[in-house]
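[1] I'll drop the sequence and a predicted model, then ask my questions.
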Amino acid sequence: MTTMGKTNRTLRMEYLYCRRFFKCFILACVLLLPLGGTRHGFLFAQDKVITNTRMIGIGGVNILDTYLSQEKYRGTEVRYVSQTIREREGKRWARLIEHQGYISFSNNRADNGNEMAGTYDFSYGLLRDWTFFDGKLDVKAGGKIDAAIGFLYNTRNGNNPAQARLNVDIAPMAIATYRFNAGRLPMALRYEVSSPLCGLMFSPNYGQSYYEIFSKGDYDHNIVPTTFVVTPSLHQMLSVDFTIKKTTLRVGYLGDWRQSKVNGLKYHSYSNMFMIGLTRRFKMIKMNP
């Protein structure tokens, strides 16, 4: 088979994979639409319970991107997280909306090179709710769509000094919360975990420059279908909530470990952070028309 035949066959396989992924993506979007219903032309009156948490964190990061350098860079990362969970009383399903923004500064072992990275991450999910032990233990499990866009800049490189980060993933997710009292202080121990299952990722190929991609228009497998095999990643957070004078504080540990190996290029970003923030829980009452 000729090289052109192999290329056409590879492009066709990628096209078919992308079609299957987008079908799953559209189906997931439909399933994640707000749930609702009507009866005799009237909307059901259901109280919305909204839990919003805003946190800021700081910690260490370890970054490797072989497109820019074979060296690992270590440094400091600062992250902001806003997470909203919307529920309806009497219903078993909850919607999750999450925004994350983070920036990091790191250097290599010889301390003669620096990298700066920045990312915005948006997640939208649908979670099924279960309660145990008279409501003390609450477990939510389901899935989410996660989209991220960012950059990585290396000060040592004259050619190809920067790398763009762009990916969309579908990921299973679970949240477990155990409520208890420490004396007279109400507290909640919470664990959250998710891992990407499949998705799409932008990546230059090995040895390919951004000039070739965007100025010359030379496509070389730059939109890459991904699975958990080539992007074995894990996002988890262990935290505790405690309420003092009607103010709920949340403190905890965040581990965000992302990896990929596509187009002959390796990438990882390991973040371990201390997080602190405020949690608000309020109810919105909707009356029947």
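    Received the coordinates, thanks.
[2] Do you have the helices of the chain handy? List them.
    Per DSSP state H, the chain has helices spanning 3-31, 210. These are given in chain order.
[3] Worst mean pLDDT among those helices?
    Lowest mean pLDDT of those: helix 3-31, a mean of 53.
[4] What is the neighbour count of the nearest residue to Ile50 once chain neighbours are set aside?
    For Ile50, the nearest residue in space outside its immediate sequence neighbours is Arg86; the separation is 5.4 Å by C-beta to C-beta, 6 or more residues apart in numbering. For glycine as for every other residue, the C-beta is placed from the backbone atoms N, C-alpha and C. Arg86 has 16 neighbours, counted by other C-beta atoms under 10 Å.
[5] which ones are touching Arg86?
    For Arg86, the residues meeting the contact criterion (C-beta atoms under 8 Å, 6 or more residues apart in numbering) are Lys48, Val49, Ile50, Ala94, Arg95, Leu96, Ile97.
[6] Among the residues you listed, which are located in strands?
    When strands are assigned by DSSP state E, the members of the contacts of Arg86 inside them are Lys48, Val49, Ile50, Ala94, Arg95, Leu96, Ile97.
[7] count of residues packed around the second one?
    Val49 has 16 neighbouring residues, counting by other C-beta under 10 Å.
[8] Let me see the domain layout of this protein.
    Residue ranges for each domain of the chain read 1-31, 48-284, as given by automatic domain parsing.
[9] need the contact list for the nearest residue to Tyr270 once chain neighbours are set aside.
    Counting by C-beta to C-beta, 6+ apart, Tyr270 lies nearest to Asn62, which is 4.4 Å off, once chain neighbours are set aside. Neighbour list for Asn62: Lys72, Tyr73, Arg74, Ser106, His268, Ser269, Tyr270 [criterion: C-beta under 8 Å, 6+ apart].
[10] roughly how far apart are the last one and Phe282?
    What it means is Tyr270. With distances defined as C-beta to C-beta, to the nearest Å, the gap from Tyr270 to Phe282 amounts to 36 Å.
[11] so where's the chain uncertain?
    Within the chain, the stretches falling below the threshold (pLDDT under 70) are 1-46, 286-289.
[12] hey, where'd the strands end up in it?
    Taking DSSP E as the criterion, the chain carries its strands at 38-39, 42-43, 48-65, 73-88, 93-107, 114-132, 137-154, 162-182, 185-194, 198-202, 223-227, 234-244, 247-262, 265-284.
[13] Compare those and give me the one nearest Gln208.
    The minimum distance between Gln208 and the strands of the chain falls on strand 265-284, with 9.7 Å, by C-beta to C-beta.
[14] what's the angle from the closest one to strand 185-194?
    Relative orientation of strand 265-284 versus strand 185-194 (axes from the mean of the first three to the mean of the last three C-alpha atoms, to 10 degrees): 140 degrees.
[15] Excluding residues flanking it in the chain, which one is nearest Tyr253?
    Leu238 (5.2 Å).
[16] picking up where we left off before, and the strands of the chain: which comes nearest Gly217?
    Comparing the strands of the chain by their distance to Gly217 (C-beta to C-beta), the top pick is strand 223-227, with 13.8 Å.
[17] Could you list every helix and strand in contact with the closest one?
    helix 3-31, strand 198-202, strand 247-262 (3 or more C-beta pairs under 8 Å, 6 or more residues apart in numbering; DSSP states H and E).
[18] strand partners of the last one, parallel vs antiparallel please.
    The pairing partners recorded for strand 247-262 under DSSP bridges are strand 234-244 (antiparallel), strand 265-284 (antiparallel).
[19] In it, which residues are buried?
    Thr248, Arg250, Gly252, Leu254, Asp256, Trp257, Arg258, Ser260, Val262 (16 or more other C-beta atoms under 10 Å).
[20] sorry, back to before: looking at the contacts of Arg86, which one is closest to Ser195?
    Out of the contacts of Arg86, the one with the shortest distance to Ser195 is Leu96. That distance is 15.4 Å, counting by C-beta to C-beta.
[21] How many residues are close by that closest one?
    Leu96: 22 surrounding residues under other C-beta under 10 Å.
[22] my guess is it meets Phe122, correct?
    No - under the criterion of C-beta atoms under 8 Å, Leu96 lies out of contact with Phe122, with a separation of 11.2 Å.
[23] show me what contacts Tyr178?
    Going by C-beta under 8 Å, 6+ apart, the list of residues near Tyr178 reads Lys136, Leu137, Asp138, Ala188, Leu189, Arg190.
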